[in-house]
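Chemist: this is a predicted model, with the sequence first.
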Amino acid sequence: MGKFQSSKVFDGFSTVFRQWKANDTHCRFLHGYGISFKVYFEGELDHRNWVWDFGGMKRAKTTIEGMSPKAWMDFMFDHTVIVANDDPILEQFSKLAKEGIIQLRVIEATGAEKFAEYIYSKLNNFVHQETEGRVRVTKVKFMEHGKNAAYYGE
């Protein structure tokens, strides 16, 4: 028996980060990308015959960290600096944020693979709740400037 699936790309984000543990590559330095991510949905059709409403991130009743999903995406990824919570110079980044120089976001780990996992966990929980279990996120593809991609999913 077949399954209904759909996907949506979210793009237009400019994000700066660093991977402080990559001391043998230039990725240890702050660097930025135009990023995007593609979310893959799977589930039963709704009364409109849709798996997921492609405009559903704007119309959702469920929130992510108290924000609409679209506002959360902008908050996390648009003109932000993302660093790992164990970055040895986190205090300096926090100082820059307090001075209004950067919009700092601190998460468990940085890099395309970890961003894909982070987005997956946030959006899968959101979608499951928003659709009362009818739909789930099966995979997230995270892209740096359209050339590099990492995936996380079931």
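Modeler: Nice, thanks for sending it over. Numbers count the residues shown, from 1 in each chain.

Chemist: what's the closest non-adjacent residue to residue 56?
Modeler: residue 130 (7.2 Å; C-beta to C-beta, 6 or more residues apart in numbering). C-beta coordinates here come from the backbone N, C-alpha and C atoms, glycine included.

Chemist: could you count how many residues lie near that neighbour?
Modeler: Residues near residue 130, counting by other C-beta atoms under 10 Å, number 21.

Chemist: before we move on, what about residue 42?
Modeler: Residues near residue 42, counting by other C-beta under 10 Å: 18.

Chemist: phi, psi of it?
Modeler: phi -150, psi 140 (degrees, to the nearest 10).

Chemist: measure it to residue 146 for me?
Modeler: Distance of residue 42 to residue 146, given as C-beta to C-beta, to the nearest Å: 25 Å.

Chemist: so residue 124, which state does it fall into?
Modeler: helix (DSSP: H, G, I helix; E, B strand; the rest coil).

Chemist: this completes my enquiry, with thanks.
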